[in-house]
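Peer 1: Could you work out the structure for the sequence below:
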Amino acid sequence: MLCAAVLTGCALLTGGCWNGRILFAMEEPSWAAGAGDVLLRRPLVRASLLHGYFPGFLLIRTQEDPVARLRRELTVRRYGVAVVGPLLSLDPQLFTAAPPSTRLLLVEGASAATPPGNAVRLVFDRREAFRIAGSAAGLAVGQQAGGTVTSALAARVGVLVSMHPPGTQEELSAFMAGVAQTLDGGQPSLRTISDPVDRNAIQVAIGQMRRDGVEIFLLFLGAPDSWALETLKNTGGSAVVSDWAASRADSAQVFLSVETDLAGGVARFLTHAQSVEGVVSGPVRIVAGKALPVPSEVATQVSPR
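Peer 2: Residues are numbered from 1 along each chain as shown. You can find the predicted model right below:
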């Protein structure tokens, strides 16, 4: 009954014009961050329905051949659009899986690859958001030190990164530049975790960095960020993280989160799905946690909790 009401309401909003089906196909590692939870899936459903598409979701498990699994789904059912997760977007065989009538939206597809005419890349430029987050971290440790601004205070900001981080070197550099901008050129301390799935190594690294005086961390580990936040419950300190707002877990340890809006990017694409070519830029925002007050200098650039 509720489903029927939603469909009827959305049909009215779109003028009763339905454009067909849209498939969200994601690999198991990306599923939790993209559509695995109902709270994450709901905005995707809403964006689809409001643009006249009926959504479906496909989880591709790690033991499956992802291209074959996607080809099978696109053969059984006719989709006007298929939104493809980040890992699958990198597979050059992907383009053979979709019929010409299905438009592919490649989430953060590799910029080096030239997609065929029926494919568009959805990218999220997070560099400016990380620069602002770095500035906020520098301002926050300055406030904790009584308003002092010296390069030495930059050591109170720490970066914990894995050998294969979830972001880019440009994003990491932007964060460090933001810290330097507010702390007289000072650079945060940096520590690399060689094995990001070694929970004990993460705990040891955070403990040592806390003893060295780090107050605010940039967590650049990917899924193990959640382990790091749990560790911070015991050691103290707070963190800048990524794509945390949907779960709101460990909010007392989160200072800021850089958020990519997948549903917003999909909505931008669907607005001109038949005519857009090449690249669509998705929205990025910064969300506040509960660990520390947001410095007034950057408050207008941060969404409330």
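
Peer 1: which one is Gln253 nearest to, not counting chain neighbours?
Peer 2: What sits nearest to Gln253 in space, not counting adjacent residues and going by CB to CB, 6 or more residues apart in numbering, is Leu232, at 4.3 Å. The C-beta positions use only the backbone N, C-alpha and C, and glycine is treated the same way.

Peer 1: ok, the one you found to Ala249 distance?
Peer 2: Leu232 sits at a distance of 12 Å from Ala249 (criterion: CB to CB, to the nearest Å).

Peer 1: Please apply the same query to Gln169.
Peer 2: 27 Å.

Peer 1: Just want to know which of these two has more residues nearby.
Peer 2: Ala249 (13 against 9; other CB atoms under 10 Å).

Peer 1: In three-state terms, label that one for me.
Peer 2: coil (DSSP: H, G, I helix; E, B strand; the rest coil).

Peer 1: Assign the closest residue to it other than its chain neighbours to helix, strand or coil.
Peer 2: Using CB to CB, 6+ apart and skipping residues adjacent in sequence, the residue nearest Ala249 is Ser226, 6.6 Å away. Applying three-state DSSP to Ser226 yields a three-state assignment of helix.

Peer 1: Pull the number of nearby residues for Ser226.
Peer 2: The burial count for Ser226: 16, using other CB under 10 Å.

Peer 1: Let me see the ranges of the helices in the chain.
Peer 2: Here the chain has its helices, by DSSP state H, at 2-13, 28-34, 38-50, 66-76, 86-89, 127-144, 169-182, 199-211, 225-235, 262-271.

Peer 1: ok, now how distant is the closest residue to Gly178 other than its chain neighbours from Leu183?
Peer 2: Nearest residue to Gly178, sequence neighbours excluded (CB to CB, 6+ apart): Gly134, at 2.5 Å. As defined by CB to CB, Gly134 lies at a distance of 10 Å from Leu183.

Peer 1: and what of Val298?
Peer 2: 14 Å.

Peer 1: So which of the two has more stuff around it?
Peer 2: It is Leu183, of Val298 and Leu183, that has more neighbours when counted by other CB under 10 Å, with 27 against 19.
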